[in-house]
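> Provided below for reference: sequence and predicted model.
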Amino acid sequence: VSPVAGTFLDQTNVPLVRVEVVCAADRKPELVFTQSRFAVEAPAQPFTERWQMPVCYRYQDAAPQAAPACTVLTEARTVVPLENARVGHCPRWIDPDPRVSGYYWYELPAAMWRPLLDESLRAEPVARLNLLANLSALFDAGVVPAEVYLDGIARLVPDRDPAVSERAIGRLWGIEHTLVTDASRGAFRAWAGGLVRPIVQRLGWTPRAGEAEAVTNLRRTALSAAGTLTDDPAVLREAENLAARYLRDPRSVSGDVATVALPIASRRAGAERFDALVERLPSAATPQDRSLLLSSLVTFDDLALVRRAYDLILTDTIRMQDLRALTRGAGATPGHRTLLYTWSRERIDDLERKLGRNMRFVIGSIGSLCEEAAVSEAERFMRERLGNLEGTDRNIALSANVARRCAVVRARESARAAAYFSRTPAR
């Protein structure tokens with residue numbers, strides 16, 4: 001145990017295990033494991049770390065009830081024969097972490113992801129959650145292309161387990177932010193709508209008595225995606241009906257339903273709805289009600305109204321504890337996401353006078369950007385204006401790194417994503 005544990009305790013980072021299958025007509029196939037450090041950005045110098053790493057695996061030819069085979073990787077490259085495989089036959093899939101216990105990410109040949117996703121349907125939900133996390137990490141690092149990642153999302157959104165389905169739907173916001181351009185937005189909405197609509201139709205708006213918390217979470221996430229990412233007409237109409245009821249009498253709509261309906265309904269509403277939300281703030285019955293009202297102030301499609309919401313930060317209407325709700329709930333369009341940064345920059349003098357050192361959300365707004373030139377300029381501006389505040393340099397660097405990762409992934413993958421959306425029919 002000590003030699004294995006030491007390689008994880010005495011060095012930082014997470015390993016990446018690349019798995020290849022070598023097949024020949026006259027012998028059983030072999031697995032080739034290659035280990036390296038997992039990295040989101042290409043290193044300036046080649047990595048030299050090596051781990052003594054326990055790895056277990058299953059493959060197509062193994063008996064369904066057979067325990068996973070295991071080995072320990074000690075070298076950069078390890079070859080393992082598949083003893084239970086047939087001579088001359090290549091497995092269609094390999095599962096390099098069937099017990100969901102490995103401390104590593106794994107990479108497979110591109111053709112194996114889809115069969116493994118299909119095979120994972122036989123496994124426990126935690127295996128599919130692990131597979132989703134693995135695909136997401138590899139996509140962010142540029143190890144798998146957009147079409148492999150998006151195909152994984154498309155296969156997991158309809159999953160029979162609500163936690164798996166909810167987690168996969170949650171990835172759609174990142175996909176929209178990072179990969180979708182104005183040219184591909186319509187195709188994305190059709191693709192995402194085809195995935196989410198059946199879930200919305202099945203679950204509806206109203207929680208059922210005694211339903212599992214995971215189902216409630218799935219309903220909330222699916223409705224939010226349908227109303228903000230795909231512009232589902234039926235969801236938008238019902239959201240408006242429920243929002244009108246809630247504003248007449250908050251007790252007439254359950255909190256779970258109102259939390260989804262009010263921000264969605266604000267999208268197509270106008271100044272009258274904005275004024276009604278602001279008027280309600282002083283009389284909100286609970287902190288949760290106040291937070292809902294605040295987050296609904298920044299989802300209007302009319303960006304002039306969103307600016308008015310941010311202007312409230314400079315008044316006595318907004319308390320310090322309100323800032324999180326008001327600044328985290330922006331809508332799902334590029335204009336919404338970058339508006340907080342643009343507004344903060346324009347009002348930086350007023351913000352400094354009003355908030356003093358409490359400028360974390362201003363610095364965090366850099367993370368909404370997704371173009372290198374804009375990120376560099378934002379970083380320069382924030383350091384120039386706020387660099388004298390303790391801890392600011394680190395927070396600026398962290399926010400800028402988030403935005404730069406978005407810019408890198410968009411430049412690398414947005415064209416491939418657009419091609420995928422256009423050729424994948426809506427369900």
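Structure received. All values derive from a computational prediction rather than experimental measurement. Residues are numbered from 1 along each chain as shown.

> contacts, neighbours, all on C-alpha from now
OK.

> residue boundaries of the strands in this protein?
Secondary structure of the chain (DSSP state E): strands at 15-24, 27-37, 53-59, 69-73, 77-81, 94-95, 105-107.

> the second one pairs with which strands, and in what direction?
Sheet pairing of strand 27-37 (DSSP bridges) gives strand 15-24 (antiparallel), strand 77-81 (antiparallel).

> circling back to that earlier point, now the strands of the chain in CSV, with mean pLDDT, mean neighbour count and distance to Thr230?
Output for the strands of the chain, formatted as CSV (pLDDT from 0 to 100; neighbours: other CA atoms under 10 Å; distance: least, CA to CA, whole Å):
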stretch, mean pLDDT, mean neighbour count, distance to Thr230
strand 15-24, 95, 18, 35
strand 27-37, 93, 19, 38
strand 53-59, 93, 19, 38
strand 69-73, 93, 15, 44
strand 77-81, 94, 14, 45
strand 94-95, 94, 23, 34
strand 105-107, 96, 22, 31
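
> number of residues surrounding Ser291?
For Ser291, the count of nearby residues is 20 (other CA atoms under 10 Å).

> which parts of the stretch 101-250 of the chain are helices?
In the stretch 101-250 of the chain, the helices defined using DSSP state H, counting those that start in this stretch lie at 113-120, 125-140, 146-156, 162-179, 185-203, 213-228, 233-248.

> can you give the contact residues for the shortest one?
What it means is helix 113-120. 92-95, 127-128, 131, 148, 151-152, 155 (CA atoms under 8 Å, 6 or more residues apart in numbering).

> same check, this time on the last one
Defining contact as CA under 8 Å, 6+ apart, one finds that helix 233-248 is touched by 223, 226-227, 252-253, 258, 260-262, 264-266.

> then the longest one?
Among residues not part of helix 185-203, those counted as contacts by CA under 8 Å, 6+ apart are 154, 157-158, 169, 172, 176, 180, 219, 222-223, 225-226, 229-232, 418, 421-422, 424-427.

> rewinding a little: show the buried residues in the contacts of helix 113-120.
Buried subset of these (neighbour count, 16 or more other CA atoms under 10 Å): 93-95, 127-128, 131, 148, 152, 155.

> distance to Ala285 added to the residues you listed, as CSV?
Formatted as CSV, the buried ones among the contacts of helix 113-120 follow (distance: CA to CA, whole Å):
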residue, distance to Ala285
Trp93, 55
Ile94, 54
Asp95, 51
Ala127, 42
Arg128, 41
Leu131, 42
Val148, 47
Gly152, 43
Arg155, 42
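
> and for the nearest residue to Leu386 once chain neighbours are set aside, the neighbour number?
If the residues on either side of it in the chain are set aside, Leu386 comes closest to Thr392, at 6.8 Å by CA to CA, 6 or more residues apart in numbering. By other CA under 10 Å, 18 other residues sit near Thr392.

> about what we covered before: could you dump the strands of the chain into JSON lines with distance to Glu352 added?
Output for the strands of the chain, formatted as JSON lines (distance: least, CA to CA, whole Å):
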{"stretch": "strand 15-24", "distance to Glu352": "43"}
{"stretch": "strand 27-37", "distance to Glu352": "42"}
{"stretch": "strand 53-59", "distance to Glu352": "51"}
{"stretch": "strand 69-73", "distance to Glu352": "54"}
{"stretch": "strand 77-81", "distance to Glu352": "55"}
{"stretch": "strand 94-95", "distance to Glu352": "53"}
{"stretch": "strand 105-107", "distance to Glu352": "43"}
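
> isn't the residue nearest to Leu386 up against Glu384?
No - in this structure Thr392 lies outside contact range of Glu384 using CA atoms under 8 Å: 10.8 Å.

> need the helix or strand of this protein with the lowest average pLDDT.
helix 2-9 (a mean of 58; mean pLDDT, DSSP states H and E).

> what's the most buried one of the helices of the stretch 101-250 of the chain?
helix 213-228 (a mean of 22; mean count of other CA atoms under 10 Å).

> weed out the non-buried ones from the contacts of helix 233-248.
Neighbour counting by 16+ other CA under 10 Å classes 223, 226-227, 253, 258, 260-262, 264-266 among those as buried.

> pLDDT of stretch 326-335, averaged?
Averaging pLDDT along stretch 326-335 yields 73.

> kindly apply the preceding question to stretch 171-186 instead.
Mean pLDDT, stretch 171-186: 95.

> for stretch 230-249, same thing?
Across stretch 230-249, pLDDT averages out at 96.

> any idea how far that stretch is from the chain center?
Distance of stretch 230-249 from its chain centroid, counting by CA atoms, centre = their mean, to the nearest Å, is 25 Å.

> got it, and stretch 376-390?
28 Å.

> contacts for it?
With contacts defined as CA under 8 Å, 6+ apart, stretch 376-390 is touched by 357, 363, 366, 392-393, 396-397, 400.

> can you give me the buried ones in that stretch?
So stretch 376-390, judged by 16+ other CA under 10 Å, has buried residues 378-379, 382-383, 386.

> so what's the spatially most central residue of the chain up against?
With distances taken as CA atoms, centre = their mean, Arg171 lies nearest the centre of the chain, 3.7 Å away. Shown in contact with Arg171 (CA under 8 Å, 6+ apart): Ile153.

> what does Leu303 give?
Per CA under 8 Å, 6+ apart, neighbours of Leu303: 335-336.

> over to Trp93?
So Trp93 contacts 59-60, 112-113, 115-116 (CA under 8 Å, 6+ apart).

> Val375 now?
Neighbours of Val375 in contact, by CA under 8 Å, 6+ apart: 366, 369, 400, 403-404.

> can you add pLDDT and distance to Gln35 and give those back as JSON lines?
Formatted as JSON lines, the contacts of Val375 follow (pLDDT from 0 to 100; distance: CA to CA, whole Å):
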{"residue": "Ile366", "pLDDT": "94", "distance to Gln35": "35"}
{"residue": "Leu369", "pLDDT": "94", "distance to Gln35": "34"}
{"residue": "Ala400", "pLDDT": "96", "distance to Gln35": "30"}
{"residue": "Ala403", "pLDDT": "95", "distance to Gln35": "29"}
{"residue": "Arg404", "pLDDT": "95", "distance to Gln35": "27"}
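
> out of those, which is nearest to Val144?
Nearest to Val144 among the contacts of Val375, counting by CA to CA, is Arg404 at 18.8 Å.

> touching, the closest one and Glu372? I think so.
Yes - Arg404 lies in contact with Glu372 (CA under 8 Å); the separation is 6.1 Å.

> of the two, which one has the most company?
Arg404 (22 against 17).
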